[in-house]
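# The following comprises the amino acid sequence and a computationally predicted model.
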Amino acid sequence: MPGVVYNEGQLAAVNWHDNGNGAAGQEMKRRLKMEENQNIRQEIAECEKLLIGLGEEWKAELVPDIANVYEKLAELTEGRDFFIVTTVTDARIFESGIDASRIVAPCGNETWRQCSRSCTKDIWEPGEIPDDICPHCGAPLTGNTIKAETYIEEGYLPQWNKYTAWLAGTLNKRLVILELGVGFAVPTVIRWPFEKTAALNKKAHMYRIHGKFAQLSAEMGETAVSVPVNSVEYFRNLYFNF
């Protein structure tokens, strides 16, 4: 389903009087936004597969009530065939009640620990090494994320394998792709692969939602919709209005 297409009359109404900032223009914008939101909700309700990508706009440091937001995301995914790819490393998503077997965090998990010298591929869970010192070489432990000098990737690889297997099963299925707050810090994880997935699957429709980086290439055509607003705020207003 393509995004909302505005006819000349609608566009004229939006731009009428003070570049659309007058009462009539604002009311038309509100109505068009409601129409677009209804389309997204309908697509999610009818899709066979749901792929969600979460980026930097979902960092807990930027969203004081991130726990509530993740709870609502859990409601959205309940009963659906979904997978979530996140570049956020604060691990708050794993406290949300979302099925952890349907989440992959390729950039790592700050609560997991690894040797700062990478003398071993061992990864420890929170509290497992109380003094935070590597038991093998005596070096300090550090977060198991891409910020480590040598990132130990074994922590996320099992989930990545599950994700790629799931993704292979989306071909020729009604797939909705929600890319929420993903910028250019690590575009090879979500941004570019999601574009490729949307292009390959003729039944896919993608929403790229970001306050600064919602741009889409012309080649995406009606396969994708750009929504240039903060993805967390958009998610609140779109689905749960909380």
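Arrived safely, thanks for sending.
# Going by C-alpha atoms from here, please, whenever you check contacts or count neighbours.
OK.
# and the longest strand anywhere in the chain, what other elements does it pack with?
Looking across the chain with DSSP state E, the single longest strand is strand 108-115. Strand 108-115 sits against strand 141-145, with contacts defined as 3 or more CA pairs under 8 Å, 6 or more residues apart in numbering; DSSP states H and E.
# Show me what the strand it packs on is packed up against.
Using 3+ CA pairs under 8 Å, 6+ apart, strand 141-145 sits against strand 108-115.
# pull the CA atoms of the strand it packs on into PDB?
C-alpha atoms of strand 108-115 as PDB (Å, rounded to 0.1, in the frame of the first residue of the first chain):
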ATOM      1  CA  GLY A 108      26.300  -5.200  21.500                       C
ATOM      2  CA  ASN A 109      25.000  -5.000  25.100                       C
ATOM      3  CA  GLU A 110      26.500  -2.600  27.600                       C
ATOM      4  CA  THR A 111      25.500  -4.800  30.500                       C
ATOM      5  CA  TRP A 112      27.500  -7.700  29.200                       C
ATOM      6  CA  ARG A 113      31.200  -7.600  29.900                       C
ATOM      7  CA  GLN A 114      34.300  -8.600  27.900                       C
ATOM      8  CA  CYS A 115      38.000  -8.400  28.400                       C
END
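# Name the residues that touch that strand?
For strand 108-115, contacts defined as CA atoms under 8 Å, 6 or more residues apart in numbering pick out 87-91, 121-126, 133-134, 139-146, 152-153, 155-156.
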